[in-house]
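J.: Kindly return the folded structure for what I paste below:
(chains A and B)
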Protein chains: 2
Amino acid sequence: MNSTSSPTQSRRMEIPHLDTDARTRDGASIVLETARERGVDICFANPGTTEMPFVVALDRVAGVRPILGLFEGVCTGAADGYGRMAGKPAMTLLHLGPGHANGIANLHNARRARTPILNIVGDHARAHLKYDAPLTSDIESLARPVSVWYRSVAHADDLARDTAAAIAAATAAASGVATLVLPVDLQSAAVNETASQPRAQAAPAVPAFDAARLARVADLLRTGVPAVLLLGVRALSARGQKAAARIAAATGAACFGETFPARAERGGGLPDIDRLPYFPEPARAALAGRKVVLAGALAPVTYFAYEGIPGELAPPEDLVTLADPGEAADAALEALAEAVGATADVDGVRVARWNVEAGPLTPQTAGRVLADALPDDAIVSIEGGTCGYPFVTASARARRHTILTNTGGAIGQGLPVALGAAVACPARRVFALQSDGSAQYTIQALWTMARERLPIVMLIASNRRYAILQTELARNGQPADTPHASRLTLLDDPPIDWLALSAGYGVPAERVSTTQALSRALDDALAHTDGPRLIEMCLA
Amino acid sequence: MNSTSSPTQSRRMEIPHLDTDARTRDGASIVLETARERGVDICFANPGTTEMPFVVALDRVAGVRPILGLFEGVCTGAADGYGRMAGKPAMTLLHLGPGHANGIANLHNARRARTPILNIVGDHARAHLKYDAPLTSDIESLARPVSVWYRSVAHADDLARDTAAAIAAATAAASGVATLVLPVDLQSAAVNETASQPRAQAAPAVPAFDAARLARVADLLRTGVPAVLLLGVRALSARGQKAAARIAAATGAACFGETFPARAERGGGLPDIDRLPYFPEPARAALAGRKVVLAGALAPVTYFAYEGIPGELAPPEDLVTLADPGEAADAALEALAEAVGATADVDGVRVARWNVEAGPLTPQTAGRVLADALPDDAIVSIEGGTCGYPFVTASARARRHTILTNTGGAIGQGLPVALGAAVACPARRVFALQSDGSAQYTIQALWTMARERLPIVMLIASNRRYAILQTELARNGQPADTPHASRLTLLDDPPIDWLALSAGYGVPAERVSTTQALSRALDDALAHTDGPRLIEMCLA
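T.: All right, here's what the predicted structure looks like:
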């Protein structure tokens, strides 16, 4: 979008007027068709003037569904949630450098999650860049830090090839955000279809693991040395967790999931594999004196620097890699189980209700009520420290569900990820368990959820503070009640009225402060499939 | 802010514990004192864990006022509005690369406005960067495109010097955003005060204009060649406009303001100097066949590329520079008036009411009602095409006021700029005349306005569409009613309930659809000085 003024009479923008020769197509249609052929058929869009030919092409090319966001961070976060659940990229459609910039924070999270995304950014006509018009900026400098691949299309004949290359890069082993910049004149350029249409390629398979690494880890575990398996994304599939539990039972190894997984299966009879703690002291204690087997996880480091604590949570000499994050860590774990003779199935946690007593809502009771309410195959997008971990603790005995967490620490990710997950999985119920402070960064997500009639259930943990910052102050013996420190960590003046805010975006909402009320509100929300619901949880 | 989980027992974050030796200070206090000595005493903040030592220092160092935003784009836009009105920088306080990224769009606008800003970004401890922890990113790559100056402080002893250098760069002739990255370990480092405290420097004066250029322009105008004066920021001061009007009356030259000025004075007896039209056809017509005298304005170019229309709105050989944007264009115009004998005062537009008839609200009638309602010395932040230009047309006969516009085209700028202007000018009434679509990008500004009790009057032009995009489609003869094009340019499903949204952030609001109702609502809003008010204008 761009700021402008009163319109006047006609002279054309760069929008395609195609001749009737069927062999030529406009550039935007070529991009869309190339993407659609590779399975990219969702477009999270916040277009502006330089994306109008692309918008027009969305009506010409069947099979790509555009979904409008009121803010670009909603689009990029939704593409992240979509990619995590669909296992293939969505495309974005963003408006030049500044529009892309509004999407960077959630692209940063997607980069950490290794989520495949086709990040399409419109740009000025190539010949217009030299004038340094107001919206001109260095898109490459802004996009490189979050992109595994970047290209600004240089010629019309490159459109199909570059689109295909972007999707290939996004879905390669080192998957991530592929940023494709489309100058508006190329979106509307006439392209000879036969000359430029590349053949569709098969999606690349997940790279296998390394047999030599497997043998080394198996040898290590057979020695009986104390070990801990640290599970990254693919290892947190149901297969991966079951294999890890077998290995643990057979060898005495401990098991942890990485602290902020892009995606983890949980409940429904799976073993209760805790995540590596966030704060460094318990994390170090969990790993101390053990060999750390990295199964799709990165070497664990502290989130921030803490005085007198090493950044590495385990000494480098104690790290052993079974599989890299891009590799088939679940298959590697199954092979490892076989190699160490851990073939006997291990009982997971039986599905059971917590049946929480009537009483005030706390992070613990809220987590248990939500765990009880989850239907089969639910998806839970978690953002924020207050309620996230207590829920995960409780949900080991819930029905089978998928957890999506904030991988990069850029907050404002939970609601858009829930939105994208709901688009990817229309048959599954999606929940967003969300802290109030971080919900504000992409609050406009509510409008798109309502617009698309996505039956997402949002639970806002309303404690009216940046609780983590008060925790960090307290950890250091600093008072949080000095005038400025308290004012910069409290959100109670004015209190955000979540019911009003939600109504403002067309989302029905209610406020609860007891376990019974939360339980009823969840039942009521789940009875509706016509759109989102928001529940403000007032915590005791 | 960052995403985390359950706290545990103590081990220190990097927060200053100072010894009692009065000669040492923590690094954050040094930065704050250095800034305060140079008049930088407002901090628009959205801090996270790596900014906690800075937050603690705000309670140690008196005289810097922190103002919390729920989203970084609110902070950077507010710093832009503050800098435009105060003529000196505010500081921001942002959380690493992703937090900064959320502020880039409005820093882009500030860059185009040449607004001085001390853009402070916290970072990991220097020794922690090598671990590539989740929030690590390439801050420099993200910040350079919007910064006139960038530095990540390397040593504790550099803190004061680098802070002073940043402020000097922000306020130099080529003014703009100076980005100062503060690793958290340096914020908490003990610094020897006497060794590092630099002397305060006088603020640099506005560079004078070039006498040779003045002589050349004077000679040109004396020949009687058709000319047009194009006025940039400093030329749009009251002095500059009066001098331009004298020159125009004496020489027959036409006068235009640049299309999107960072700041322009208007009304209260000033001449009615129209802005150069946005769309290229009328802009070219306004300049055709004339020498274009650039008085603090850049060479005019089209906002976007349009088919068959040159990017340059005037041929380069017709451009003559009187003063560059950083120079004293108003003084140059006064000297030019003197040089061409244009000394006789010219009558401006007499202040007069429009006394709009009762009837439906249109952009035209709304603009006139607002023009009538402006008290002396009002400030009007304008964003959006629907109502912006009709208001400016009407406001030539309003009381004296200052107009702030969107300089870089990154939308989501109008509300934060109004917020910053209100902080800079507590004695003046501030209005935000704002399109509904663009208001959404930084809607969280409402909360900070309520929190700080700023009596800002927001007028939301609610047409439930991205009208400019529909205009661009119509200009090209494209239908806006095809399924996707219409759905991507319409905001009516669901309609945003502005009254609810406003209430959600603690801002009283009302909805009006007639001229009388708008007039009454403005009277009512102006009678209150205890906080913001929002008026949703439903346009006919």
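
J.: Please make it C-alpha for all contacts and neighbour counts, starting now.
T.: Will do.

J.: Count the residues that sit near the residue of the stretch 351-500 of chain A found nearest chain B.
T.: The minimum distance from the stretch 351-500 of chain A to chain B, using Cα to the nearest Cα, falls at A:Gly385 (3.7 Å). Around A:Gly385 there are 22 other residues, counting by other Cα atoms under 10 Å in any protein chain shown.

J.: is it true that it touches A:Gln470?
T.: No - between A:Gly385 and A:Gln470 there is no contact under Cα atoms under 8 Å: 11.9 Å.

J.: what's the nearest residue to A:Val392 if we skip its chain neighbours?
T.: A:Gly367 (7.5 Å; Cα to Cα, 6 or more residues apart in numbering or on different chains).

J.: quick one: contacts of whichever strand or helix holds the one you found?
T.: Here A:Gly367 is covered by helix A:363-373, with elements defined by DSSP states H and E. Helix A:363-373 is contacted by residues A:352-356, A:386-388, A:390-395, A:397-399, A:515, A:518-519, A:522-523, A:539 when judged by Cα atoms under 8 Å, 6 or more residues apart in numbering or on different chains.

J.: Which of these fall within strands?
T.: Cross-referencing those against strands under DSSP state E gives no overlap.

J.: my read: A:Ile535 touches A:Ala503, true?
T.: No - look at A:Ile535 against A:Ala503 with Cα under 8 Å: they stay out of range, at 11.8 Å.

J.: Count the residues that sit near A:Asp492.
T.: For A:Asp492, using other Cα under 10 Å, the count is 12.

J.: wait, isn't it in contact with A:Arg465?
T.: Yes - at 7.1 Å, A:Asp492 counts as touching A:Arg465 under the criterion of Cα under 8 Å.

J.: Could you list the low-pLDDT ranges of chain A?
T.: A:1-22, A:194-205 (pLDDT under 70).

J.: ok, and does the lengthiest helix in it reach over to chain B?
T.: The longest helix of chain A (DSSP state H) is helix A:96-113. Yes - counting by Cα under 8 Å from any Cα of the partner chain, contacts between helix A:96-113 and chain B involve A:Pro98, A:Gly99, A:Ala101, A:Asn102, A:Gly103, A:Ile104, A:Ala105, A:His108, A:Arg112.

J.: related to what we said a few turns ago, can I get the CA coordinates of the helix holding A:Gly367 in CSV?
T.: Provided in CSV are the C-alpha atoms of helix A:363-373 (Å, rounded to 0.1, in the frame of the first residue of the first chain):
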residue,chain,number,x,y,z
PRO,A,363,-1.1,-20.8,34.2
GLN,A,364,-1.1,-24.4,35.6
THR,A,365,-4.9,-24.8,35.8
ALA,A,366,-5.4,-23.1,32.5
GLY,A,367,-2.9,-25.4,30.8
ARG,A,368,-4.7,-28.5,32.2
VAL,A,369,-8.2,-27.3,31.2
LEU,A,370,-6.9,-26.6,27.7
ALA,A,371,-5.2,-30.0,27.6
ASP,A,372,-8.5,-31.7,28.6
ALA,A,373,-10.4,-29.7,25.9
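
J.: ok now it, how far from the chain's centre?
T.: Taking the mean of its C-alpha atoms, helix A:363-373 sits 23 Å from the chain's own mean (Cα atoms, centre = their mean, to the nearest Å).

J.: same check, this time on stretch A:323-338
T.: On Cα atoms, centre = their mean, the centre of stretch A:323-338 falls 23 Å from the chain's centre.

J.: Would that stretch count as contacting chain B?
T.: No - shown here: stretch A:323-338 not in contact with chain B (Cα under 8 Å from any Cα), separated by at least 14.5 Å.

J.: Tell me the buried residues in that stretch?
T.: The neighbour-count check on stretch A:323-338 (16 or more other Cα atoms under 10 Å in any protein chain shown) flags A:323-338 as buried.

J.: Near the closest residue to chain B within the stretch 151-300 of chain A, how many residues? Count them for me, please.
T.: Closest contact between the stretch 151-300 of chain A and chain B, by Cα to the nearest Cα, is at A:Tyr278 (6.2 Å). A:Tyr278: 22 surrounding residues under other Cα under 10 Å.

J.: For it, which three-state class applies?
T.: Under DSSP: H, G, I helix; E, B strand; the rest coil, A:Tyr278 falls in the coil class.

J.: looking at it, A:Leu229 is touching A:Cys255, isn't it?
T.: Yes - A:Leu229 sits in contact with A:Cys255 when judged by Cα under 8 Å, with a separation of 4.7 Å.

J.: residues in contact with A:Ala344?
T.: Per Cα under 8 Å, 6+ apart, neighbours of A:Ala344: A:Arg246.

J.: which SS state does it fall under?
T.: Taking three-state DSSP, the label given to A:Ala344 is coil.

J.: if we can go back for a sec, quick check: neighbours shared by A:Asp492 and A:Arg465?
T.: What both A:Asp492 and A:Arg465 touch, as defined by Cα under 8 Å, 6+ apart, is an empty set.

J.: The residue nearest to A:Val392 - how many residues pack around it?
T.: 25.

J.: Quick check, the residue of the stretch 151-300 of chain A closest to chain B in contact with A:Tyr303.
T.: Yes - applying Cα under 8 Å as the test, A:Tyr278 and A:Tyr303 come out as touching, 7.4 Å apart.

J.: and the gap between the residue nearest to A:Val392 and A:Ile411?
T.: Distance, A:Gly367 to A:Ile411, by Cα to Cα, to the nearest Å: 21 Å.
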